[in-house]
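Undergrad: predicted model and sequence follow; I will ask about them next.
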Amino acid sequence: MSDTDAIRGLVKDILKPIIAEAIAEANAETAVKNEKRYYTREEACKHLKIGTTTFYRLANKGKITILKVEGKTLVDADELDEAIETRAVYRYQH
């Protein structure tokens, strides 16, 4: 076995587990990012610093899309965060 082959084998033995671990971590992070998040009505109101009446007023105007699941009112967290960032929905300001 030549020195070059020995070095290649050593590098392969060292790098292969490191690369495999990095790929596994990246896949786990991607899975978490792709998971849908929802706010309950209470969480959305707290996040926006608004009351329930204002929450439903915004929903009726189409500013907030609500989803009813088993009696719970939910809001897509990413959609609400985007609406806040684009100023489609304002947080209460003193």
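TA: Perfect, I can see it now. Numbering: from 1, shown residues only.

Undergrad: how about Ile66: which residues does it bridge to?
TA: Val75 (DSSP bridges).

Undergrad: wait, it touches Asp76, no?
TA: No - counting by Cβ atoms under 8 Å, Asp76 is not a contact partner of Ile66; they are 9.2 Å apart. In short, each C-beta sits where N, CA and C put it, glycine included.

Undergrad: quick one, which of the two is more surrounded?
TA: Counted by other Cβ atoms under 10 Å, Ile66 and Asp76 do not tie: Asp76 has more neighbours, with 18 against 15.

Undergrad: show me the contacts for the more buried one.
TA: Going by Cβ atoms under 8 Å, 6 or more residues apart in numbering, Asp76 touches Lys36, Arg37, Tyr38, Thr65, Leu67.

Undergrad: longest helix of this structure?
TA: helix 3-34 (DSSP state H).

Undergrad: what number of residues lie near Phe55?
TA: Counted by other Cβ under 10 Å, the residues lying close to Phe55 total 20.

Undergrad: how much space between it and Asp81?
TA: Using Cβ to Cβ, to the nearest Å, Phe55 is found at 16 Å from Asp81.
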